[in-house]
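Chemist: Curious how this folds, go ahead:
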Amino acid sequence: QIHVRVTAEVLGSADAYTFAVFIASLDLGDIDNYPVYQTIQQRKFQVQMAERYATVPGAKFLLVTNNHTAKPEVDTWIDTIHSFKQELAIYNVSLYQGMVMNYRLVSANYHNLLDDFASHGTILLLNNTCHDFSMESKRQPFTDLVTIFPLELIRQYKIRILILGSTDIQVEQLTMPWGINKSYENCLPFSKKDHFLHHG
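Modeler: Next up, the predicted model:
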């Protein structure tokens, strides 16, 4: 078993949400005639230039990105929110390997997302297919919000959620009275399913 570790340096001027593309090749040849070899395996992968979350003064919109979110999409969201005369902050769920609303972030001067978006903040979840945290397979970053968010805090602080993606997400456990799990910590006070905004 052979392990090869490679370090690549990225210019500080590189834009967030652009990608560096790498190709790794495994070559097989004669040790006594090393210029002659044959490529027997090749793997192409890309690395996203991510940025850490930072508090944006006055922002009431939080865009939740992932490791497949590209710069044009981020720029479009920024322009759209700015057209409403509003500010937008960005949180990369892949960079942080998850999302916990009340976890204090060093990059935000130990603020947490609740500090910044309590009282009628809006969270925009980009739920497209992306690599999981191990980078070995692909999945949607959000399949069941119960495991991601402390829902009782979202209800308490009146935070709105907009899910954007082409796949289904389990919302049944989030709502009442028609939800299948009506315990306090797993419910949001929606009287009808349509009150939970889901855009596919």
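Chemist: Within the sheet, what are the partner strands of the longest strand anywhere in the chain, with directions?
Modeler: In the chain, assigned by DSSP state E, the strand with the most residues is strand 33-48. When pairs are called by DSSP bridges, strand 33-48 turns out to pair with strand 19-30 (antiparallel).
Chemist: Determine how far the partner strand lies from the middle of the whole chain.
Modeler: Mean-position distance between strand 19-30 and its chain equals 28 Å (C-alpha atoms, centre = their mean, to the nearest Å).
Chemist: what's in contact with it?
Modeler: Contacts with strand 19-30, where a contact means C-beta atoms under 8 Å, 6 or more residues apart in numbering, come from 8, 10, 35-49, 70. Where you see a C-beta, it was placed from the backbone N, CA and C, and this is true even at glycine.
Chemist: Try it again at 7 Å.
Modeler: Strand 19-30 is contacted by residues 8, 10, 36-48 when judged by C-beta atoms under 7 Å, 6 or more residues apart in numbering.
Chemist: Report the buried members of these.
Modeler: Taking 16 or more other C-beta atoms under 10 Å as the criterion, what is buried in the contacts of strand 19-30 is residue 48.
Chemist: Give me the contacts around the longest strand of the chain.
Modeler: Residues outside strand 33-48 that contact it (C-beta under 7 Å, 6+ apart) are 17, 19-30, 67.
Chemist: Could you pull up phi and psi at residue 54?
Modeler: Here is the backbone geometry of residue 54 (degrees, to the nearest 10): phi -140, psi 140.
Chemist: Could I get the contacting residues of it?
Modeler: Residue 54 makes contacts with 107, 108, as judged by C-beta under 7 Å, 6+ apart.
Chemist: Output the below-cut-off pLDDT ranges for the protein.
Modeler: Scanning the chain for pLDDT under 70 picks out the ranges 132-137, 139-154, 166-200.
Chemist: how about it, which residue sits the furthest from its center?
Modeler: Here the chain reaches farthest from its C-alpha mean at residue 32, the gap being 48.8 Å by C-alpha atoms, centre = their mean.
Chemist: ok so, going back, show me which pair in the contacts of strand 33-48 is furthest apart.
Modeler: Greatest spatial distance in these: 17 and 30, 44.4 Å, computed using C-beta to C-beta.
Chemist: So which of the two has more stuff around it?
Modeler: residue 17 (20 against 9; other C-beta atoms under 10 Å).
Chemist: Touching, that one and residue 67? I think so.
Modeler: No: using C-beta atoms under 7 Å, residue 17 makes no contact with residue 67, being 9.8 Å away.
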